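[1] Quick one, fold the following:
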Amino acid sequence: MEKIHKTDEEWKKLLTPQQYEVTRRRGTEPPFCGAFYDHKVAGIYACVCCGLPLFSSQAKFDSGTGWPSFFQPIAEERIARRLDLSHGMVRTEVLCARCDAHLGHVFDDGPAPTGLRYCLNSVSLTFSPSDSQTED
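    Model prediction:
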(Lines give C-alpha, C1' and ligand atoms only; values in the text may rest on other atoms or scores of the structure.)
Protein backbone atom coordinates (compact mmCIF):
# COMPACT_ATOMS: atom_id res chain seq x y z
CA MET A 1 0.00 0.00 0.00
CA GLU A 2 1.39 3.37 -0.98
CA LYS A 3 1.73 5.75 1.98
CA ILE A 4 0.18 9.21 2.00
CA HIS A 5 2.37 11.97 3.43
CA LYS A 6 1.23 15.55 4.03
CA THR A 7 2.59 18.43 6.06
CA ASP A 8 0.79 19.58 9.20
CA GLU A 9 -0.41 22.62 7.30
CA GLU A 10 -1.88 20.44 4.54
CA TRP A 11 -3.69 18.27 7.12
CA LYS A 12 -5.01 21.37 8.90
CA LYS A 13 -6.56 22.59 5.63
CA LEU A 14 -8.28 19.23 5.03
CA LEU A 15 -9.55 18.47 8.53
CA THR A 16 -11.67 20.15 11.16
CA PRO A 17 -9.79 21.24 14.29
CA GLN A 18 -11.16 18.22 16.22
CA GLN A 19 -10.29 15.79 13.42
CA TYR A 20 -6.78 17.22 13.28
CA GLU A 21 -6.30 17.04 17.07
CA VAL A 22 -7.36 13.38 17.22
CA THR A 23 -5.86 11.99 14.01
CA ARG A 24 -2.62 13.96 13.72
CA ARG A 25 -1.86 14.78 17.38
CA ARG A 26 -3.10 11.51 18.94
CA GLY A 27 -6.00 13.09 20.83
CA THR A 28 -9.13 11.42 22.16
CA GLU A 29 -12.71 12.60 21.89
CA PRO A 30 -14.87 12.42 25.03
CA PRO A 31 -16.89 9.20 25.44
CA PHE A 32 -20.59 8.93 24.53
CA CYS A 33 -20.54 11.99 22.27
CA GLY A 34 -19.08 10.80 18.96
CA ALA A 35 -21.31 10.32 15.95
CA PHE A 36 -20.64 6.58 15.71
CA TYR A 37 -20.52 5.26 19.28
CA ASP A 38 -24.21 4.17 19.14
CA HIS A 39 -24.47 4.02 15.34
CA LYS A 40 -26.31 0.93 14.06
CA VAL A 41 -26.53 1.39 10.29
CA ALA A 42 -24.96 -1.25 8.02
CA GLY A 43 -21.95 -0.04 6.08
CA ILE A 44 -18.24 0.70 6.06
CA TYR A 45 -16.17 2.96 8.32
CA ALA A 46 -13.19 4.59 6.61
CA CYS A 47 -10.27 6.81 7.63
CA VAL A 48 -11.33 10.47 7.75
CA CYS A 49 -7.90 11.56 6.51
CA CYS A 50 -7.41 9.38 3.43
CA GLY A 51 -10.66 7.46 2.88
CA LEU A 52 -9.19 3.96 3.28
CA PRO A 53 -12.01 1.54 4.25
CA LEU A 54 -11.06 0.14 7.67
CA PHE A 55 -13.96 -1.47 9.53
CA SER A 56 -17.32 -3.02 8.65
CA SER A 57 -20.49 -2.55 10.67
CA GLN A 58 -20.64 -6.36 10.75
CA ALA A 59 -17.66 -6.31 13.16
CA LYS A 60 -19.09 -3.50 15.33
CA PHE A 61 -20.35 -4.18 18.86
CA ASP A 62 -21.48 -2.25 21.93
CA SER A 63 -18.53 -2.27 24.31
CA GLY A 64 -20.19 0.05 26.83
CA THR A 65 -17.16 2.36 26.67
CA GLY A 66 -18.75 5.26 24.79
CA TRP A 67 -16.59 4.85 21.69
CA PRO A 68 -17.30 2.84 18.54
CA SER A 69 -15.80 -0.62 18.98
CA PHE A 70 -15.02 -3.38 16.49
CA PHE A 71 -13.67 -6.91 16.92
CA GLN A 72 -11.67 -6.87 13.66
CA PRO A 73 -10.68 -4.62 10.75
CA ILE A 74 -11.72 -5.29 7.16
CA ALA A 75 -8.12 -6.39 6.48
CA GLU A 76 -5.16 -6.51 8.87
CA GLU A 77 -2.89 -4.74 6.40
CA ARG A 78 -5.11 -1.63 6.50
CA ILE A 79 -4.23 -0.83 10.09
CA ALA A 80 -0.93 -0.34 11.89
CA ARG A 81 -0.19 -0.79 15.57
CA ARG A 82 2.25 1.09 17.77
CA LEU A 83 3.15 0.84 21.45
CA ASP A 84 1.62 3.77 23.38
CA LEU A 85 3.08 4.52 26.83
CA SER A 86 1.29 7.87 27.28
CA HIS A 87 -0.77 8.78 30.34
CA GLY A 88 1.04 6.24 32.51
CA MET A 89 -0.53 3.30 30.64
CA VAL A 90 0.72 0.56 28.36
CA ARG A 91 -1.59 0.39 25.35
CA THR A 92 -1.52 -0.48 21.67
CA GLU A 93 -2.35 2.45 19.42
CA VAL A 94 -4.23 1.77 16.18
CA LEU A 95 -3.39 3.84 13.10
CA CYS A 96 -4.44 3.94 9.46
CA ALA A 97 -1.74 2.04 7.57
CA ARG A 98 -1.94 4.39 4.59
CA CYS A 99 -1.71 7.83 6.24
CA ASP A 100 -0.73 7.11 9.87
CA ALA A 101 -3.89 8.74 11.27
CA HIS A 102 -4.44 7.96 14.95
CA LEU A 103 -7.70 6.03 15.19
CA GLY A 104 -7.74 4.81 18.79
CA HIS A 105 -6.46 1.74 20.62
CA VAL A 106 -6.89 -2.04 20.56
CA PHE A 107 -7.42 -4.12 23.70
CA ASP A 108 -7.66 -7.85 24.32
CA ASP A 109 -11.05 -7.79 26.07
CA GLY A 110 -13.32 -8.02 23.04
CA PRO A 111 -15.85 -10.63 21.95
CA ALA A 112 -15.38 -13.79 19.89
CA PRO A 113 -14.17 -14.59 17.36
CA THR A 114 -11.03 -12.44 17.87
CA GLY A 115 -11.19 -11.44 21.53
CA LEU A 116 -10.12 -7.95 20.45
CA ARG A 117 -11.74 -4.55 20.98
CA TYR A 118 -10.69 -1.86 18.54
CA CYS A 119 -11.85 1.22 20.48
CA LEU A 120 -11.90 4.12 18.02
CA ASN A 121 -12.65 7.82 17.92
CA SER A 122 -15.74 8.63 15.84
CA VAL A 123 -14.05 11.79 14.57
CA SER A 124 -11.29 9.70 12.98
CA LEU A 125 -13.83 7.93 10.77
CA THR A 126 -16.27 8.55 7.95
CA PHE A 127 -19.19 6.23 7.21
CA SER A 128 -20.69 4.93 3.97
CA PRO A 129 -23.97 3.04 4.33
CA SER A 130 -24.42 -0.23 2.48
CA ASP A 131 -27.00 -0.40 -0.28
CA SER A 132 -29.52 -2.08 2.01
CA GLN A 133 -29.14 0.60 4.72
CA THR A 134 -30.68 -1.73 7.24
CA GLU A 135 -29.71 -1.80 10.88
CA ASP A 136 -27.23 -4.39 12.11
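
[2] in this structure, which spans are strands?
    Counting by DSSP state E, the chain has these strands, from start to end: 43-47, 53-56, 60-61, 69-70, 79-84, 91-96, 102-107, 117-120, 125-129.

[3] and stretch 19-34, how far apart are its ends?
    12 Å (C-alpha to C-alpha, to the nearest Å).

[4] Return the distance of that stretch from the chain's centre.
    10 Å (C-alpha atoms, centre = their mean, to the nearest Å).

[5] Kindly report the same for stretch 21-41.
    The chain centre lies 8 Å from the centre of stretch 21-41; the measure is C-alpha atoms, centre = their mean.

[6] so how far is the first residue of it from its last?
    Stretch 21-41: ends 26 Å apart by C-alpha to C-alpha.

[7] Flag every buried residue along it.
    Residues 21-24, 28-29, 34, 36-37, 39, 41 are the ones in stretch 21-41 that count as buried (16 or more other C-beta atoms under 10 Å). In this view, the C-beta of every residue, glycine as well, is placed from N, C-alpha and C.

[8] for stretch 94-113, same thing?
    Neighbour-count burial for stretch 94-113, counted by 16+ other C-beta under 10 Å, picks out 94-107, 110.

[9] cool, stretch 75-89 as well?
    If you call a residue buried by 16+ other C-beta under 10 Å, then stretch 75-89 has these buried ones: 78-79.

[10] distance of residue 60 from residue 82?
    Taking C-beta to C-beta, to the nearest Å as the measure, residue 60 and residue 82 are separated by 23 Å.

[11] oh sorry, the question was meant for residue 37
    For residue 37 relative to residue 82 (C-beta to C-beta), the value is 23 Å.

[12] contacting residues for residue 90?
    Counting by C-beta atoms under 8 Å, 6 or more residues apart in numbering, residue 90 makes contact with 83-84.

[13] Apologies, that question was intended for residue 102.
    Residue 102 is in contact with 22-27, 93-95, 121, 124, counting by C-beta under 8 Å, 6+ apart.
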